[in-house]
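*Asks:* Whatever this is, show me its structure:
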Amino acid sequence: YVENYGKTELEKNNFEVDYFSIRNKNNLLEPSEDADLIILASVSIEGVRLIDNIFVG
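*Replies:* All right, here's what the predicted structure looks like:
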């Protein structure tokens, strides 16, 4: 649900989303409830591609 929400919000703000994923930061698998997380995203806007990884928790 959270991944879809993030992708939708980016698209509402004119970003073209290549990927938006929330994963376990230690192994990049789908996270369990107590896992430390990383948000992985790649988007484009006005011809510029932005790639970011954000650690959460």
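*Asks:* What helix or strand is residue 7 located in?
*Replies:* Here residue 7 sits within helix 2-12, counting by DSSP states H and E.
*Asks:* And the average pLDDT for that helix is what?
*Replies:* In this model, helix 2-12 has an average pLDDT of 96.
*Asks:* residues in contact with it?
*Replies:* 17, 20, 21, 22, 39, 41, 43 (C-beta atoms under 8 Å, 6 or more residues apart in numbering). To be clear about C-beta, it is placed using only N, CA and C from the backbone, and glycine gets the same treatment.
*Asks:* what about the residue lying closest to residue 57 once chain neighbours are set aside, distance to residue 54?
*Replies:* With C-beta to C-beta, 6 or more residues apart in numbering as the criterion, residue 57 has its nearest non-adjacent residue at 5.0 Å, and that residue is residue 36. When C-beta to C-beta, to the nearest Å is the yardstick, residue 36 and residue 54 sit 12 Å from each other.
*Asks:* Over to residue 44?
*Replies:* Going from residue 44 to residue 54 by C-beta to C-beta gives 18 Å.
*Asks:* Give me the more crowded residue out of these two.
*Replies:* Shown here are residue 44 and residue 54; by other C-beta atoms under 10 Å, residue 44 has more neighbours (14 against 11).
*Asks:* related to what we said a few turns ago, and the following helix or strand past the helix holding residue 7, what's buried?
*Replies:* For helix 2-12, the succeeding helix or strand toward the C-terminus, using DSSP H and E, is strand 16-24. Buried residues in strand 16-24, defined by neighbour count with 16 or more other C-beta atoms under 10 Å: 20, 22, 23.
*Asks:* Which elements pack onto the next helix-or-strand element following strand 16-24?
*Replies:* Downstream of strand 16-24, the first helix or strand assigned by DSSP H and E is strand 37-45. Applying 3 or more C-beta pairs under 8 Å, 6 or more residues apart in numbering; DSSP states H and E, one finds that strand 37-45 contacts helix 2-12, strand 16-24, strand 48-56.
*Asks:* Fine by me, we can end here.
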